[in-house]
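# sequence and predicted structure below; questions after.
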Amino acid sequence: MSVLTADLIRRSEENAVTSGAFSFKELMLTAGEAVAKIIDSRYNCQNKKIAVICGNGNNGGDGFVAARWLYEHGATVTVITPMGEPKTQNAIYYYNRLGEIKTSDTITDDFDIIIDAVFGIGLNRAPSKELTALFKKINSSAAVKIAIDIPSGIEADTGKIFETCVDADLTVTFIALKPCFVLPYGSDYCGEVIVADIGVKPCGESFKTINKPVFPKRRHNSHKGTFGTSLLICGSYGMAGAAILATRAALRSGVGIAKCVLCDGIYSAFTSAVPEAVCIPQKQNSLGTLTEKTDISALLSNSSALLFGCGVGQSEDTFKILSDIIEKSNIPTVIDADGINLLCSDIELLKKSKAPLILTPHPGEMARLCGCSVKDIETNRIDIAKSFAEEYGCILVLKGANTIVALPQGDIYVNINGNPGMATGGSGDVLAGILVSLLAQGFAPAKAALAAVFLHGEAGDKAAIRKGERAMLPSDIIEEL
């Protein structure tokens, strides 16, 4: 699904009108009625008390249309105009058609449903103190809260919140998703998002959401070598769990052989947890990590894809191993967790790689890579991910709510499944294991990254249904794969 900026949405509307498909007045009618029909289908609005809070622009015009339709279908409707009468021509037209619908400039506490039609995609500055107070009052109401296009108080292109915003249970938007639906911090306030079809074809796109992957059917005449060998260099003393989770996820995702290089100090714990894996125990140093004597060239032999970093620890030895991997690897390589933290001391290493590289940082690791704050990352996720992937020629999987996949040629994808129950230690190890498994099975790096992120989120959603978001564990995600 395409995600469009406010400017692209406007251009899409203008193209539709210029083509003669309909006028802007007809487009407003279609949009407002589409919202009303969705609300009615969800909440059976007959005899419900509904407040439609309308701004003085075109978003308010959509609200006037929705109010009229709901009134005509049995709802008790009050239109509230906190900014006064509308100022745009088409909104004025539909305001004048409200007829006997009650109007007011203040909101009371006795509504079943509140529809927010104050601001649309055009908001780019802080609302007045009076409107901010109104948004707070809406949020304190027990009514169902529904936003038209986007919740008022959020900037469409960035997700920025101007002090406060309407906290919607449902947002009905038009033409395509807007960036605020998938970016911090606005995405927390949009509730369920429905894209209503109003007959306008999207004009271009800013980025895309990740679609459900399609997997080829496995041939009956197959053996373990058919589905590749994942080489996982993971774990250290005290961090056996990271290696276990990544390897179990790789196996559950269908790799033929999972070959795990690990410290001898965690060998027993690992093999008892993952008997299906091939283990290559190595002597550990005094810090409990692998030593620089680890022979990377030998390990790469007969491997299809490589994962380095999950719980591997940070030491001079592990940095040397990472350097060897980047310089010698000729197979798709995933760098995660401690591997990313090690890169922070010499990020230019990435430019020495001859193999396809995929980095999977969470916001804290990304901030360390970029030398900035986590807040900087979270408020500019798209641009930072895009710039990094382009500069270093890698695929960047920036984890978090709505994980971003940035490709080196500049394409951006955003994931829209997953849930807060996945925000726990070990979930990233599971994603890394899925990713190296798909790479080993022969998926192209970009396709593998997109598929792994989707599968991780989808399995997480299924785990949340079974266990609940508070109780679920990363191992539950693996079991849902």
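Structure received.
# can you pull out the helices in the stretch 301-450 of the chain?
Assigned by DSSP state H, counting those that start in this stretch, the stretch 301-450 of the chain shows helices spanning 316-328, 338-343, 363-370, 374-378, 381-392, 427-440, 445-467.
# so which of these is nearest residue 226?
Closest of these to residue 226 is helix 427-440, at 11.0 Å (criterion: C-beta to C-beta). (Each C-beta comes from the backbone N, C-alpha and C, glycine too.)
# quick one, that closest one and helix 363-370 angle?
70 degrees (axes from the mean of the first three to the mean of the last three C-alpha atoms, to 10 degrees).
# show me the contacts for the residue lying closest to residue 61 once chain neighbours are set aside.
Using C-beta to C-beta, 6 or more residues apart in numbering and skipping the chain neighbours, the partner closest in space to residue 61 is residue 91 (3.2 Å). Going by C-beta atoms under 8 Å, 6 or more residues apart in numbering, residue 91 touches 28, 54, 56, 57, 58, 60, 61, 64.
# pLDDT on the particular helix or strand that has residue 33 in it, on average?
Assigned by DSSP states H and E, residue 33 belongs to helix 24-43. Averaged over helix 24-43, pLDDT sits at 98.
# just checking, what packs against it?
When contacts are defined as 3 or more C-beta pairs under 8 Å, 6 or more residues apart in numbering; DSSP states H and E, helix 24-43 sits against helix 6-18, helix 58-72, helix 89-95, strand 113-117, strand 144-148, strand 170-174, strand 192-196.
# one more time with 10 Å
helix 6-18, strand 49-54, helix 58-72, helix 89-95, strand 113-117, strand 144-148, strand 170-174, strand 192-196 (3 or more C-beta pairs under 10 Å, 6 or more residues apart in numbering; DSSP states H and E).
# and the ones you listed as TSV, adding mean pLDDT?
Listed next are the helices and strands packed on helix 24-43 as TSV, based on pLDDT from 0 to 100:
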stretch	mean pLDDT
helix 6-18	96
strand 49-54	98
helix 58-72	98
helix 89-95	98
strand 113-117	98
strand 144-148	98
strand 170-174	98
strand 192-196	97
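# ok, which of these comes nearest residue 442?
When these are compared by C-beta to C-beta, strand 192-196 sits nearest residue 442, at 34.2 Å.
# quick one on the thing from earlier: deepest-packed of the helices of the stretch 301-450 of the chain, please.
When you average the neighbours per residue for each of the helices of the stretch 301-450 of the chain (mean count of other C-beta atoms under 10 Å), helix 427-440 leads with a mean of 30.
# state the number of residues packed around residue 222.
Neighbours of residue 222 under the rule other C-beta atoms under 10 Å: 10.
# quick one: contacts for it?
By C-beta atoms under 10 Å, 6 or more residues apart in numbering, the residues touching residue 222 are residue 256.
# what about it, which SS state?
Using DSSP: H, G, I helix; E, B strand; the rest coil, the structure places residue 222 in coil.
# residue 256 versus that one, what's the distance?
8 Å (C-beta to C-beta, to the nearest Å).
# equivalent analysis for residue 22, please.
With C-beta to C-beta as the criterion, residue 22 and residue 256 are 56 Å apart.
# the helix holding residue 33 versus strand 49-54: what angle between them?
Here helix 24-43 runs at an angle of 150 degrees relative to strand 49-54 (the same axes, to 10 degrees).
# just the buried residues of helix 24-43, please?
24, 27-40, 42-43 (16 or more other C-beta atoms under 10 Å).
# the helices and strands packed on helix 24-43 into a markdown table, with extra columns for distance to residue 286?
A markdown table is the format used below for the helices and strands packed on helix 24-43 (distance: least, C-beta to C-beta, whole Å):
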| stretch | distance to residue 286 |
| --- | --- |
| helix 6-18 | 57 |
| strand 49-54 | 66 |
| helix 58-72 | 64 |
| helix 89-95 | 72 |
| strand 113-117 | 61 |
| strand 144-148 | 58 |
| strand 170-174 | 55 |
| strand 192-196 | 53 |
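# ok, which of those comes nearest residue 481?
Here strand 192-196 is closest among the helices and strands packed on helix 24-43 (C-beta to C-beta), at 25.8 Å.
# direction included, what does the closest one pair up with?
For strand 192-196, the paired strands and their directions (DSSP bridges) are strand 170-174 (parallel).
# centre of the chain to the strand it pairs with, how far?
18 Å (C-alpha atoms, centre = their mean, to the nearest Å).
# CA atoms of that strand as PDB?
What follows is strand 170-174, C-alpha atoms only, in PDB (Å, rounded to 0.1, in the frame of the first residue of the first chain):
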ATOM      1  CA  LEU A 170     -10.800   5.100  14.500                       C
ATOM      2  CA  THR A 171      -9.500   7.300  11.700                       C
ATOM      3  CA  VAL A 172     -11.100   7.300   8.300                       C
ATOM      4  CA  THR A 173      -8.700   8.600   5.700                       C
ATOM      5  CA  PHE A 174      -8.800   9.100   2.000                       C
END
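# buried sites along it?
Quick answer for strand 170-174 (16+ other C-beta under 10 Å): 170, 171, 172, 173, 174.
# quick check: angle from that strand to helix 58-72?
Computed by the same axes, to 10 degrees, the angle separating strand 170-174 from helix 58-72 equals 110 degrees.
# hmm, residue 476 and residue 466 touching each other?
Yes - because the distance of 7.0 Å satisfies C-beta atoms under 10 Å, residue 466 is recorded as touching residue 476.
# I figured residue 332 was touching residue 300, is that so?
No - Residue 332 lies out of contact with residue 300 (C-beta under 10 Å); the separation is 11.5 Å.
# tell me where the stretch 251-400 of the chain has strands.
Under the criterion DSSP state E, counting those that start in this stretch, the stretch 251-400 of the chain contains strands at 257-263, 278-282, 305-308, 333-336, 357-360, 395-398.
# just so I know, which of those strands lies nearest residue 181?
Proximity to residue 181 (C-beta to C-beta) singles out strand 395-398 among the strands of the stretch 251-400 of the chain, at 17.0 Å.
# which residues touch residue 202?
By C-beta under 10 Å, 6+ apart, the contact set of residue 202 is 1, 2, 3, 4, 8, 9, 11, 12, 15, 175, 176, 177.
# how much space separates residue 316 from residue 310?
In terms of C-beta to C-beta, residue 316 sits 19 Å off from residue 310.
# kindly report the same for residue 450.
For residue 450, the distance to residue 310 - C-beta to C-beta - is 21 Å.
# ditto for residue 329
Per C-beta to C-beta, residue 329 is found 17 Å from residue 310.
# of these two, who's got more company?
Neighbour count, other C-beta under 10 Å: between residue 329 and residue 310, residue 310 has more, with 33 against 23.
# my read: that one touches residue 339, true?
Yes - contact status for residue 310 versus residue 339: in contact at 8.0 Å, counting by C-beta under 10 Å.
# next, show the common contact partners of the two.
In contact with both residue 310 and residue 339: 233, 234, 360, 432, using C-beta under 10 Å, 6+ apart.
# measure the third one to residue 275 for me?
So that's residue 360. Using C-beta to C-beta, residue 360 is found at 27 Å from residue 275.
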